[in-house]
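In: need a structure here:
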Amino acid sequence: QVQLVESGGGWVQAGGSLRLSCAASGRIFSRYNMGWFRQAPGKEREFVASIRWISSSTYYANSVRGRFTISRDNAKNTVYLQMNSLKPEDTAVYYCAADSTYRDYTKGISGIDYWGQGTQVTVSS
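Out: Got it, this is the predicted structure:
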């Protein structure tokens, strides 16, 4: 079992920055692929960024590439999402996830092992 707790969400003006954190506890964090996903009102949950445990390779949705950076600190059991140049369309609840099997999340997000409770990010224009 893995427990995930997100923090760092809030309100920011367009062009601003926020850093989300996801603290993990439970099973071996370093062996899980980690990802950030988001869900805006009335929309499906979508992939934002992911980082593999075996290589620390990172992947991004086209909508955030170049603005967001995912990273992990296995010693602290924490994964981060640095969000810069935020836009109103980035407004959503952001969820952290842990997955024992790496998937191409651009094709779907079903089957992910663990989810956090989410943290709200609001970007005003």
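In: Can you name the residues that contact the spatially most central residue of the chain?
Out: Nearest to the mean C-alpha position of the chain, counting by C-alpha atoms, centre = their mean, stands residue 36 at 1.7 Å. Residue 36 makes contacts with 20, 22, 48-50, 68, 70, 79, 81, 94-97, as judged by C-beta atoms under 8 Å, 6 or more residues apart in numbering. Just so you know, the C-beta spots here come from the backbone N, C-alpha and C atoms, and that holds for glycine as well.
In: Remind me which helix or strand it belongs to.
Out: For residue 36, the host element (DSSP states H and E) is strand 33-39.
In: Strands of this protein, start to end?
Out: 2-7, 10-13, 18-26, 33-39, 46-51, 58-60, 68-73, 78-83, 92-99, 114-115, 119-124 (DSSP state E).
In: for the strand holding residue 36, the distance to its chain's centre please.
Out: 4 Å (C-alpha atoms, centre = their mean, to the nearest Å).
In: What are the buried residues along it?
Out: 33-38 (16 or more other C-beta atoms under 10 Å).
In: strands paired with it, and their directions?
Out: Its sheet considered, strand 33-39 pairs with strand 46-51 (antiparallel), strand 92-99 (antiparallel) by DSSP bridges.
In: And the contacts of the last one?
Out: Applying C-beta under 8 Å, 6+ apart, the set of residues contacting strand 92-99 from outside is 2, 4, 6, 9, 20, 22, 24, 29, 32-40, 43, 45, 48, 79, 81, 109, 111-121.
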